[in-house]
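Asks: following is a predicted model, sequence given first.
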Amino acid sequence: MLVVASANGKVGIQAAMEVLRAGGSALDAVEAGVRVVESNPEDHTVGLGGLPNLLGEVELDASIMDGATLAAGAVGALQGVEHPISVARRVMEELPHVLLVGAGAARFAAEMGFERRDLLTEEARRAWEERLRQAGGDQSLQRYTAAMRRWAKLAADPERPNETVNFIARDGRGNLAVGVSTSGWAWKYPGRLGDSPVIGAGNYADNRYGAGACTGRGEMAIRAATARSIVLYLKQGMSLEDACREAYRDLADLVDPYAGPFSLIAVDRAGRHLGVSNRPGATYVAMTAEMDEPVEAPRLVMNV
Ligand code: GLY
């Protein structure tokens with residue numbers, strides 16, 4: 001049994017492992033782990049306390065995938081629900097669809113009994129106001145709403161790496177699952193989706209080969225179909241490290257003036273795991289059933 005997560009998943013990795021130890025599925029484990037991060041107001045890239053879009057609205061993206069069946073569910077630009085990962089799971093289980101966005105996702109969440117709450121914390125609101133003031137010297141929202149496409153470039157703020165949370169679990173039956181949740185890039189254009197809700201971009205799991213999940217500039221993972229690529233490279237017989245290296249080569253081919261931090265975690269079918277980042281010093285966390293505490297391991301550095 002194994003749980004692997006991005007470093008900000010450390011707060012939830014024990015909860016995920018408890019699920020596995022109790023005989024729960026990999027799907028249950030990733031959902032449990034992600035939910036803890038979504039409720040952490042200190043994490044400004046996920047759930048409650050996430051930094052808002054240009055209009056000051058917290059818009060959340062999440063996805064979940066079952067490596068046994070290749071079933072998947074996702075939500076994008078969802079407002080007012082603390083646990084988008086659980087809504088994504090209900091999309092997978094209750095609907096003949098994979099991805100719901102915006103008002104439709106909120107409607108479905110309400111139908112499934114998810115409570116509404118304001119996710120914009122005071123700290124996140126102050127950070128948003130400050131960023132707008134720094135950028136324009138005028139915090140009148142009207143000024144930004146008039147021609148917001150110009151201000152969307154604020155989302156590519158190199159000082160504010162976009163973390164997102166990734167979880168991959170392998171349960172006692174050898175099944176893999178992956179869960180991803182994010183508030184997306186701070187100050188993004190309203191309605192922008194990153195890679196996190198896009199199956200194959202920000203997440204992918206297939207018991208037969210392995211699983212991958214991404215954080216960072218989601219636009220790159222969408223264009224290169226990064227998580228699915230890792231799994232396909234594993235299918236071609238590459239080692240886990242070579243599969244990740246090949247996926248990074250694909251990213252390096254992209255022409256992208258906003259290219260920025262990009263990281264991933266990956267697990268192969270045997271339970272070997274790896275974290276990769278283009279930022280030196282970045283880490284990820286991993287825990288097996290025999291461990292009392294997770295280990296925080298360095299990510300391999302690869303360039304994009
Ligand atoms: N990787 C998360 C995002 O781009 O929103």
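Replies: Ah, there it is. Numbers count the residues shown, from 1 in each chain.
Asks: any regions of the stretch 101-250 of the chain where pLDDT drops low?
Replies: Low-confidence segments of the stretch 101-250 of the chain (pLDDT under 70): 137-147, 156-162.
Asks: distance between the ends of stretch 193-207?
Replies: 27 Å (C-alpha to C-alpha, to the nearest Å).
Asks: could you give the number of residues near Glu293?
Replies: Residues lying near Glu293 (other C-beta atoms under 10 Å) number 10. (Each C-beta comes from the backbone N, C-alpha and C, glycine too.)
Asks: what are the phi and psi angles of it?
Replies: Glu293 adopts backbone torsions of phi -130, psi 150, taken as degrees, to the nearest 10.
Asks: now do Arg21
Replies: Here Arg21 shows phi and psi, under degrees, to the nearest 10, equal to phi -60, psi -30.
Asks: please tell me how far the closest residue to it other than its chain neighbours sits from the ligand.
Replies: Of all residues not flanking Arg21 in the chain, Ala289 sits nearest, at 5.8 Å (C-beta to C-beta, 6 or more residues apart in numbering). Remark: distance between Ala289 and the ligand (C-beta to the nearest ligand atom, to the nearest Å) = 29 Å.
Asks: show the contacting residues for Ala289.
Replies: Shown in contact with Ala289 (C-beta atoms under 8 Å, 6 or more residues apart in numbering): 1-2, 17, 20-21.
Asks: can you give me the helices in the stretch 1-150 of the chain?
Replies: Assigned by DSSP state H, counting those that start in this stretch, the helices in the stretch 1-150 of the chain fall at 10-21, 26-38, 84-94, 102-111, 122-136, 141-146, 148-151.
Asks: buried ones in the fifth one?
Replies: Using 16 or more other C-beta atoms under 10 Å as the test for burial, helix 122-136 gives 124, 127-128, 131-132, 135.
Asks: and it, how far out from the chain middle?
Replies: Its chain's C-alpha centre and that of helix 122-136 lie 24 Å apart, by C-alpha atoms, centre = their mean, to the nearest Å.
Asks: what is it packed up against?
Replies: helix 141-146, helix 148-151 (3 or more C-beta pairs under 8 Å, 6 or more residues apart in numbering; DSSP states H and E).
Asks: surely Met92 and Val75 touch.
Replies: No: in this structure Met92 lies outside contact range of Val75 using C-beta atoms under 8 Å: 10.4 Å.
Asks: who has more neighbours out of those two?
Replies: Set Met92 next to Val75 and count neighbours by other C-beta under 10 Å: Val75 wins out with 32 against 20.
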